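# kindly return the folded structure for what I paste below:
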Amino acid sequence: MHLSKLVLNPRRRDVWRDLRSPYDLHRTLAHAFPTEPGINYRAQHGVLFRLEPMTTPNAMPTVLVQSASPPEWSCLPEGYCLQQQSAPYDPTFAAGQSLVFRLVANPTKKQKINGREQGKRVALHDLPDPDAADPDTPTPARLWLTRKAEQHGFRVVYTLTDGFWLGEPNGDGARGKPQLPHYGVRYDGLLQVTNPDTLTKALTTGIGPAKAFGFGLLSVARPQ
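A predicted model of the protein is given here:
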C-alpha cells in the first residue's frame, strides 16, 4: 500500500469547493489514479481518503490518502497542493498489540420496515439513546464501532468521539439529483489487536459505508 499526505492550497477556489463537497474531493483525487472510462478508480486502485480535522486557527486543509497503487499527484490541477508526501505502507500486527487509532466513519444501519431491512440507511448518531433503560448505555455510534471492531480483528480499549455533518446540499449530484450531507463520527482512541490478518484486511478495504465520500479509512500507530 501507499500512504500520502496532501496539504491543500486554501487560496484556490476549487480547494474550497472540494472542502464543502466530499464527492467533489473524490472526483479531484481521481486525477491521480488513471483508470479506463467507466471503471471505478477508487475500487480499482484501493483508494481510501479522509479530510483531517482543522483544530487550530492556522491549520491548513490536509487530506490523507491510502492506495494500493502509487498515486500520480502531478496529475492534480496545478497549484492545488502546497505539499505532497507519499511513502510505501506495509504494516504488520501481532495479537494483543495495542495501537492508537483514528477512524472517520459513516455509522449507519439499514432501516427496517415491517421487520425487514430495506435498502435505505439511517445514521447512528453520537448522542444518548433516549429509549435506553440505562443512562450510561453507549451511544448508537459507539455501539456501532464496537460491533465493527469485533468483525475487523480488534477490540476498542477506549475512544473519544466527535459527530459532524459532512457536505452541503446542492444540485451537482449524479444525474442532477441533490447531494445530501453525510453524518460522520471521528473516533480517536486505543485499540487492541485480536486478529492480525483481519485487521490488515480492514486497513486495506476500510470500515463502514460511504467510502467515496471520505469515510472508512482506519489509521493506526504505535503509542508514543
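# which parts of the protein are strands?
Secondary structure of the chain (DSSP state E): strands at 2-8, 48-51, 62-67, 81-88, 98-105, 108-113, 116-123, 154-166, 182-193, 218-221.
# adding distance to Ala32, write those out as JSON lines.
In this view, the C-beta of every residue, glycine as well, is placed from N, C-alpha and C. Conversion of the strands of the chain to JSON lines gives the following (distance: least, CB to CB, whole Å):
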{"stretch": "strand 2-8", "distance to Ala32": "9"}
{"stretch": "strand 48-51", "distance to Ala32": "10"}
{"stretch": "strand 62-67", "distance to Ala32": "8"}
{"stretch": "strand 81-88", "distance to Ala32": "10"}
{"stretch": "strand 98-105", "distance to Ala32": "20"}
{"stretch": "strand 108-113", "distance to Ala32": "28"}
{"stretch": "strand 116-123", "distance to Ala32": "29"}
{"stretch": "strand 154-166", "distance to Ala32": "21"}
{"stretch": "strand 182-193", "distance to Ala32": "23"}
{"stretch": "strand 218-221", "distance to Ala32": "19"}
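# of the ones you listed, which stretch is the most buried?
Stretch with highest mean neighbour count among the strands of the chain: strand 48-51 (a mean of 24; mean count of other CB atoms under 10 Å).
# and it, what does it pack onto?
Applying 3 or more CB pairs under 8 Å, 6 or more residues apart in numbering; DSSP states H and E, one finds that strand 48-51 contacts helix 22-29, strand 62-67.
# which of these has the lowest mean pLDDT?
Comparing mean pLDDT across those, the weakest is helix 22-29, with a mean of 93.
# kindly export that helix (C-alpha atoms) in PDB.
The C-alpha coordinates for helix 22-29 follow below in PDB (Å, rounded to 0.1, in the frame of the first residue of the first chain):
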ATOM      1  CA  PRO A  22     -16.700  15.300  -0.300                       C
ATOM      2  CA  TYR A  23     -17.900  14.000  -3.600                       C
ATOM      3  CA  ASP A  24     -16.000  16.800  -5.500                       C
ATOM      4  CA  LEU A  25     -12.900  16.000  -3.500                       C
ATOM      5  CA  HIS A  26     -13.400  12.300  -4.500                       C
ATOM      6  CA  ARG A  27     -13.500  13.400  -8.200                       C
ATOM      7  CA  THR A  28     -10.400  15.600  -7.900                       C
ATOM      8  CA  LEU A  29      -8.400  12.800  -6.300                       C
END
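# in this structure, which helix is the longest?
helix 140-151 (DSSP state H).
# and that helix, what does it pack against?
Using 3+ CB pairs under 8 Å, 6+ apart: helix 140-151 touches strand 98-105, strand 154-166, strand 182-193.
# and the angle from the first one to strand 62-67?
Read it as strand 98-105. Inter-element angle recorded for strand 98-105 and strand 62-67: 100 degrees (by axes from the mean of the first three to the mean of the last three CA atoms, to 10 degrees).
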